[in-house]
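Visitor: Below are the sequence and a predicted model; questions follow.
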Amino acid sequence: MDNLTTSQVTRSLGSGLGGAIALTILHETVRQFVPTAPRADILGMRGIAKGFRKVGEQPPGEDDLYSLAMVGDVASNALYYSLIGFGRKVPVLTGAALGALAGVGAVTLPGPMGLGEKPTTRTSATVAMTVGWYLFGGLVAGVILKQWQKGQE
């Protein structure tokens, strides 16, 4: 792989952040109105609380856990989606692939990680939304990066 320039890394991180924000807005908006919507917020809160307990600390209250989960979700998804910038010249396809993989992971990994399965697998609609929404985040990141790349030609 060629050496990445600072500009390429910045665009990769920025597009990843754009995809992560789009994903989080979608998650948080739809869950307010659709009872079967995935609950990534609950998984995040459980993961953070589990971490606190693992080191012998009392987890913060629900509002603070929620805030930490949102920041953690956006940050981790932004870094993940920024991997799109390390692909070759097909950022939208790379974004779709990474997004679909993240969605499958969000459905299959919480149970084995001890975070519970229901937030992303309650119904077949929940599973489909989970995979689809992460795919959406990857596509958004890919489109953003593609547009920035066009501007550099």
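Guide: On my side now, so go ahead.
Visitor: which non-adjacent residue is nearest His27?
Guide: Leaving aside its chain neighbours, His27 sits nearest to Ala40 (5.2 Å; criterion: CB to CB, 6 or more residues apart in numbering). No exception for glycine: its C-beta is placed from N, CA and C like everyone else's.
Visitor: so who does that neighbour touch?
Guide: 27, 73, 106, 119-120, 130 (CB atoms under 8 Å, 6 or more residues apart in numbering).
Visitor: now, which of the residues you listed lie within strands?
Guide: Judged by DSSP state E, these include no members of strands.
Visitor: Write a ChimeraX command that selects only the buried members of those.
Guide: In ChimeraX, this line selects whichever of these come out buried by 16 or more other CB atoms under 10 Å:
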select :27,73,106,119,120,130
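Visitor: okay, the contacts of Ala40 in JSON lines with pLDDT next?
Guide: Formatted as JSON lines, those follow (pLDDT from 0 to 100):
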{"residue": "His27", "pLDDT": "96"}
{"residue": "Asp73", "pLDDT": "96"}
{"residue": "Ala106", "pLDDT": "96"}
{"residue": "Pro119", "pLDDT": "95"}
{"residue": "Thr120", "pLDDT": "95"}
{"residue": "Thr130", "pLDDT": "97"}
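Visitor: Among the contacts of Ala40, which one sits closest to Lys89?
Guide: Ala106 (27.9 Å; CB to CB).
Visitor: Quick one: residues contacting that closest one.
Guide: Ala106 touches 38, 40, 43, 120, 130-131, 134, counting by CB under 8 Å, 6+ apart.
Visitor: Please name the residues that touch the most centrally placed residue in the chain.
Guide: Central residue of the chain (CA atoms, centre = their mean): Asn77, 3.6 Å from the mean position. Each residue near Asn77 by CB under 8 Å, 6+ apart is listed here: 16, 19-20, 23-24, 102, 137.
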